[in-house]
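**Q** have a look at this prediction, sequence included:
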There are 2 protein chains.
Amino acid sequence: MPNQDGTGPRWMHGKFKCCGYRMTKPREAILDVLENTQEHLSAEDIYLAVHKFYPNIGLTTVYRNLEMLVNIEMIVKFDFGEGKSKYELSDHYSGKGHHHHLVCKECYKVVDYSDFMKDEVNFLKSTEDGLSKKYKFNITDHLIQFFGVCEKCSNK
Amino acid sequence: MPNQDGTGPRWMHGKFKCCGYRMTKPREAILDVLENTQEHLSAEDIYLAVHKFYPNIGLTTVYRNLEMLVNIEMIVKFDFGEGKSKYELSDHYSGKGHHHHLVCKECYKVVDYSDFMKDEVNFLKSTEDGLSKKYKFNITDHLIQFFGVCEKCSNK
DNA sequence: CTCCTATTGGTAATGGTTGTCATTAACAAA
DNA sequence: TTTGTTAATGACAACCATTACCAATAGGAG
């Protein structure tokens, strides 16, 4: 885990400051963990990872900061049907770019995909517009997930 | 609530029988509740509704049967981010037909919509095909939800 | 350096959901 | 209709992710 010296990437400080939040060690550690994984981590996963370097950071603090980071849209919370939430850096910060998830219903493996976006963009644009007008919703978000059985689980 | 006399719709018996399940009062009562609502009910909602007519049916039984009904695809389980699951009769049994959900992030009001399906069908077809091949998934399901703020909540 | 107050960490509580187990009831077979 | 097998039930406790509480701590502006 990089940045244990307390100096995180610039954008962290910038974003926190301008939102009126303080830059603290737990926040930095949590973002470090999320920056350095390709996985989709649960609150406890993050807690355990952070715990290795800062054993005194508690699970409660992790939850609190995850909630805050979701609020300022620095990370995104997902539910894949596992009974616990998973977290990812949001598109803008992750380098992964815009993507969606393909989830195995058996082992909960999650594949990020960003293929076939042309069709999606068309679909989203017209659907969002239509729904907004018809139902007078101010639409801010969408969730698109595909579920199925992965190759490994199919062969069991 | 109709069908308190113990004779439910034919299809219930048929479906249960052919799956090797027994037709019981709790199952019938749960399906009755789901057939006679337009809402999206939680396990407890269903328990309370059932409880009015059969006070001795327990919450555990409701959960167990909901799980079973999801397994045989007679109902569908949804998560709208409220911290509890909601249940609906599946398309084939509900009379609502295929639809998706538009969810208010503030009050959790859920709108069923089945408009703008032409674009969706195109999008789904090509995306599912593409994903199946590329990632070797046997895709069985998808989840499409739009989130936003409803008119009422916007005016607060 | 000081002060204000956001943030923290530990623990207890919450709330949805699931496990356990003795009892009951569906329904196939006689 | 009666019987026997076994799925299903109901009450309760356990589980587990998440949240509330509160005294102690530490950012960071001035």
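**A** Okay, I see it.
**Q** please, where are all the strands along chain A?
**A** In chain A, strands defined by DSSP state E lie at A:41-42, A:75-79, A:85-89, A:100-104, A:110-113, A:138-149, listed in chain order.
**Q** domains of chain A?
**A** Under automatic domain parsing, the residue ranges defining each domain of chain A are A:1-91, A:98-156.
**Q** least confident of the ones you listed, on average?
**A** Among those, domain A:1-91 carries the lowest mean pLDDT, a mean of 87.
**Q** does chain B sit close to that domain?
**A** Yes - judged by C-beta under 8 Å from any C-beta of the partner chain, domain A:1-91 comes into contact with chain B through A:79, A:81. The C-beta positions use only the backbone N, C-alpha and C, and glycine is treated the same way.
**Q** count of neighbours near residue A:42?
**A** As a burial measure, residue A:42 scores 16 neighbours (other C-beta atoms under 10 Å in any protein chain shown).
**Q** contacting residues for it?
**A** Applying C-beta atoms under 8 Å, 6 or more residues apart in numbering or on different chains to residue A:42 gives the contacts A:84, A:85, A:86, A:87.
**Q** spatially nearest residue to residue A:58, not counting backbone neighbours?
**A** With C-beta to C-beta, 6 or more residues apart in numbering or on different chains as the measure, residue A:47 is the residue that lies nearest to residue A:58, at 8.0 Å, once sequence neighbours are left out.
**Q** same deal with residue A:85?
**A** Spatial nearest neighbour of residue A:85, excluding adjacent residues (C-beta to C-beta, 6+ apart): residue A:77 at 5.1 Å.
**Q** list the contacts for that neighbour?
**A** Residue A:77 is in contact with A:66, A:70, A:85, A:86, A:87, counting by C-beta under 8 Å, 6+ apart.
**Q** next: residue A:74.
**A** For residue A:74, the contacting residues are A:15, A:31, A:89, A:90, A:93, taking C-beta under 8 Å, 6+ apart as the criterion.
**Q** touching the longest helix anywhere in chain A from outside, list them.
**A** Ranked by residue count, the top helix of chain A under DSSP state H comes out as helix A:117-135. In this structure, residues lying in contact with helix A:117-135 by C-beta under 8 Å, 6+ apart are A:98, A:100, A:137-139, A:142, A:144, B:102, B:111, B:113, B:115-116, B:119-120, B:122-123, B:126-127, B:146, B:148, B:150.
**Q** go with 7 Å
**A** Where contact means C-beta atoms under 7 Å, 6 or more residues apart in numbering or on different chains, the residues beyond helix A:117-135 that reach it are A:137, A:139, A:142, B:102, B:111, B:113, B:115-116, B:119-120, B:122-123, B:126-127, B:146.
**Q** got the angle for it vs strand B:100-104?
**A** In terms of direction (axes from the mean of the first three to the mean of the last three C-alpha atoms, to 10 degrees), helix A:117-135 departs from strand B:100-104 by 60 degrees.
**Q** sorry, back to before: residue B:56 is nearest to which of the domains of chain A?
**A** Ranking those by their distance to residue B:56 (criterion: C-beta to C-beta) puts domain A:1-91 first, at 29.0 Å.
**Q** in stretch A:55-71, what counts as buried?
**A** A:57, A:61, A:62, A:65, A:66, A:68, A:69 (16 or more other C-beta atoms under 10 Å in any protein chain shown).
**Q** can you check stretch A:18-27 too?
**A** Using 16+ other C-beta under 10 Å as the burial criterion, the residues of stretch A:18-27 that qualify are A:25, A:26, A:27.
**Q** which one of these sits closest to DNA strand C?
**A** residue A:26 (3.6 Å; C-beta to the nearest atom of the strand).
**Q** ok, back up a step: separate out the buried members of the contacts of helix A:117-135.
**A** Neighbour-count burial (16+ other C-beta under 10 Å) is assigned, among these, to A:137, A:139, A:142, B:102, B:111, B:113, B:116, B:119, B:120, B:123, B:127, B:146.
**Q** wait, what's in contact with residue A:86?
**A** With the criterion set at C-beta under 7 Å, 6+ apart, residue A:86 makes contact with A:40, A:41, A:42, A:78, A:80.
**Q** ok, the last one - contacts?
**A** Spelled out, that is residue A:80. By C-beta under 7 Å, 6+ apart, the neighbours of residue A:80 are A:86, A:103, A:108, A:110.
**Q** next, format the contacts of residue A:42 as CSV and append distance to residue A:35.
**A** Formatted as CSV, the entries for those read as follows, by distance: C-beta to C-beta, whole Å:
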residue, distance to residue A:35
A:84, 21
A:85, 19
A:86, 16
A:87, 12
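**Q** may I ask which of those has the most neighbours?
**A** Across the contacts of residue A:42, the neighbour count under other C-beta under 10 Å reaches its highest value at residue A:87, namely 22 neighbours.
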